[in-house]
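*Asks:* My questions are about this predicted structure, shown below with the sequence.
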Amino acid sequence: MRRAVIRASLLIVLMAGVYAVAAQQAQKAPTEKPQKIADGVWFEQHNDIGKFGSNVSWIEFSDYVAVVDTAFPLGAEEAIRNIKATTNNKPIRYAFLTHYHGDHALGTGVFDKEGTTIVSHENARREYLGRNVEGYLKTAEKDPVYAKYKPVAPSLTFSDKLILDDGKRRAEVYYFGHAHTTGCIFIYLPHEKLVFTGDSCVNGPFNYAGDADTASWIDVLTQVQTLDVEKVVPAHGAVAGRELLQTQKQYFIELRAQVAAMLAQGKTLEQIKADVDVPMWKQWTGEQKMSLENIASVYRDLTRGPLNWATGDLDFGKRTPIAIPMEKGKGVPLKFLISSITPEDRAALEQVAPNVEIVLAKDKEEALRLAPEVDACAGTFVSPEFIRAAKKLRWVQQFSAGVEQVVGVPELQSDDRIVLTNMKTMFGPPIADHVMGMLLSLHRSLPHYQGLMKDGTWGKGEQAPFQGELLGKTMLVVGLGGNGAETARRAHAFGMRVFATDPKDMAVPAFVARLEKPDKLNMLLPAADVVVLAAPLTPDTQALFGAERFALMKDGAFLINIARGKMVDTNALAAALQSKKLRGAGLDVTEPEPLPSDHALWKMPNVIVTPHVSGQSPGTRARTRQLFIENVRRFASGEGLLNAVDKRAGY
Ligand SMILES: [Zn+2]
């Protein structure tokens, strides 16, 4: 139900959030008796959510039981007693978390003691691991039931679909996209025509959209509606018919339409909160007032653009906010130094960060003069003198993904008060498109045919430089950050096997077959048909590819560099191409830049050179703008900043 459940003070936060629910249901028993909703399928409704947590359901297979949601420890203990009683003590083999929120997932420790495997979508596991369990531990100090168990993370995850079928019973578990959270799943029983919806379809006033994408949520429900379903089993509220799916969907459709119309009239969030009125929701939930929290969530969805900052759509949750402790708390006057700003951006910043004054400096000299008074600045101004003079400086926003020039300034690197943020992952989509474009061009000899077009030549009989295919080939992505991951995702979709190296500890995405630390690079190189450089330039990656590494590569392999020219020894690359060791190369970056006009690489038909433009697109401009505005807003209110850079690692 609520993200806050796992964080902060567990019960206090939770009780505030469900106060209305508790009041409405005070006359009901905290838990309804288990209800048989189909042969071998049971449903236990928890009305006292603050104590028991979400509803719990279970499905009886021939040899085992699968559970839907684990509730809070008290709810889990009770559910396990009832599961044993209703299934003749069958082992509880699986517990599905419909998503990671605490009221569904904090009972995992109780099931773990039963030997149950906790199953979730891969995003839900990531989200689970990303939340600290401090709130749980605090509650455990006072509550003996909590103290007995430690919640456990899902150990079995999937990306699209998972099926349990023992010949008698079949459960199809689906992921349809970002709904109530990024990792919400639906458990569908096709024979029983029944679907468990978690919090993506609830029955009553339990809707919470704080971690949602309400547009995508509607799409997800549309997909669920394609299933042959007669019964909908929500994680909060009572079991209902399939019309509940439409009711839940309609709420967000009408809420979004109203908020969008009011935004178009120029209304503020406060005005919108006062004016929104969705009668069908009031009728459905019995509530007298609209949920202001959900109005704010929809407002956020309609104003934040296509990216979901909260969940890091592009970077596997690595966009961890770093809290900046503001001395006087939020709202103090602050100055941000930048070289130029459009009127639109200035207006947007005034709206979200009225206490931040935008100060312009046309060059480094002027910046140096203004340095003592600024609290934050663009990366372009960073120099040793500037940092020494900028005594109040707490934040530097770099407008590129690479920060090699900024972190090279020792005064910045060693000053822990100054947070550096960059634009990593913002350029990923067009850069990954560019990589695939180069790869396809080289494999399908498109430049060759483009040449023939000039003379109107139908060159079917002519020998094209290369007629290859990507299916079954191996791509090695060096650096699985924003650009590398987006490239890997696309390569996987083309039927390639993707290997990657990256120094960070991270979950292996489903589209990567093998992820190793950089020290395994030489081991993976001989297996790769295509090597894509997507790492940041650091002392470790400087001149990473020279004659020795080219010699290790497979004969006839391709090299694509969209990272930094300095990572490749240009002459060694030219030699490897001339000797046909490498079949081709795609270079968006070179060393030096620009590539001298008489350089041998320009003349090679198996090389595509583009002038460091792979990151450019309207999408990139929109994303970087949004991130900048969001970071200024966060800075202004003393919240953690997005896209913080590890200054010592250099990315
Ligand atoms: Zn939830």
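*Replies:* Yep, it's here. Residues are numbered from 1 along each chain as shown.
*Asks:* For residue 93, what are phi and psi?
*Replies:* Main-chain torsions, residue 93, degrees, to the nearest 10: phi -80, psi -40.
*Asks:* typed the wrong thing, it's residue 477
*Replies:* Here residue 477 shows phi and psi, under degrees, to the nearest 10, equal to phi -100, psi 120.
*Asks:* Pretty sure it sits against residue 487.
*Replies:* Yes - the pair residue 477 / residue 487 is scored as a contact, 5.8 Å apart, by CB atoms under 8 Å. Just so you know, the C-beta spots here come from the backbone N, C-alpha and C atoms, and that holds for glycine as well.
*Asks:* who touches both of the two?
*Replies:* By the contact definition CB atoms under 8 Å, 6 or more residues apart in numbering, residue 477 and residue 487 are jointly contacted by 532, 534.
*Asks:* Looks to me like residue 232 is in a strand.
*Replies:* Yes - assessed by DSSP: H, G, I helix; E, B strand; the rest coil, residue 232 belongs to a strand.
*Asks:* secondary structure element for the nearest residue to it once chain neighbours are set aside?
*Replies:* Distances taken as CB to CB, 6 or more residues apart in numbering place residue 244 nearest to residue 232, at 4.4 Å, with adjacent residues excluded. Per DSSP states H and E: residue 244 is located in helix 243-264.
*Asks:* Can you tell me what sits against that helix?
*Replies:* Counting by CB under 8 Å, 6+ apart, helix 243-264 makes contact with 197, 200-203, 207, 209, 214-215, 217-218, 221-222, 224-225, 229, 232, 234, 271-272, 275-278, 280-281, 284, 294-295, 298-299, 301-303, all of which sit outside it.
*Asks:* where's the residue nearest to residue 232 relative to residue 347, distance?
*Replies:* According to CB to CB, to the nearest Å, residue 244 stands 42 Å off from residue 347.
*Asks:* These two: which has the busier surroundings?
*Replies:* Using other CB atoms under 10 Å as the criterion, residue 244 and residue 347 rank with residue 244 on top: 24 against 10.
*Asks:* what's the spacing between that one and the ion?
*Replies:* 16 Å (CB to the ion, to the nearest Å).
*Asks:* immediately after the helix holding residue 244, which helix or strand?
*Replies:* With elements assigned by DSSP H and E, the helix or strand that comes after helix 243-264 is helix 269-275.
*Asks:* tell me which residues in that next one are buried?
*Replies:* Residues of helix 269-275 classed as buried by neighbour count (16 or more other CB atoms under 10 Å): 269, 272, 273.
*Asks:* mind giving me CSV with the residues you listed and columns for distance to the ion and pLDDT?
*Replies:* Below are the buried residues of helix 269-275 laid out as CSV (distance: CB to the ion, whole Å; pLDDT from 0 to 100):
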residue, distance to the ion, pLDDT
269, 23, 92
272, 24, 96
273, 22, 96
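*Asks:* ok, those vs residue 88, which is closest?
*Replies:* Checking the buried residues of helix 269-275 against residue 88 by CB to CB gives residue 273 as the nearest, at 52.1 Å.
*Asks:* Verify the contact between the closest one and residue 296 for me.
*Replies:* Yes - at 7.1 Å, residue 273 and residue 296 qualify as touching, with contact defined as CB under 8 Å.
*Asks:* Just give me how far the helix or strand containing residue 576 sits from the chain centre.
*Replies:* Following DSSP H and E, the helix or strand that holds residue 576 is helix 570-578. With CA atoms, centre = their mean, to the nearest Å as the basis, helix 570-578 stands 38 Å off its chain's centre.
*Asks:* Likewise for stretch 283-297?
*Replies:* The chain centre lies 27 Å from the centre of stretch 283-297; the measure is CA atoms, centre = their mean.
*Asks:* What is the end-to-end distance of that stretch?
*Replies:* 21 Å (CA to CA, to the nearest Å).
*Asks:* which secondary structure elements does the helix holding residue 576 contact?
*Replies:* In this structure, helix 570-578 packs against helix 547-552, strand 582-587, with contacts taken as 3 or more CB pairs under 8 Å, 6 or more residues apart in numbering; DSSP states H and E.
*Asks:* Describe which strands the last one pairs with in its sheet and in which direction.
*Replies:* Right, the one you point to is strand 582-587. Counting by DSSP bridges, the strands paired with strand 582-587 are strand 557-561 (parallel), strand 607-609 (parallel).
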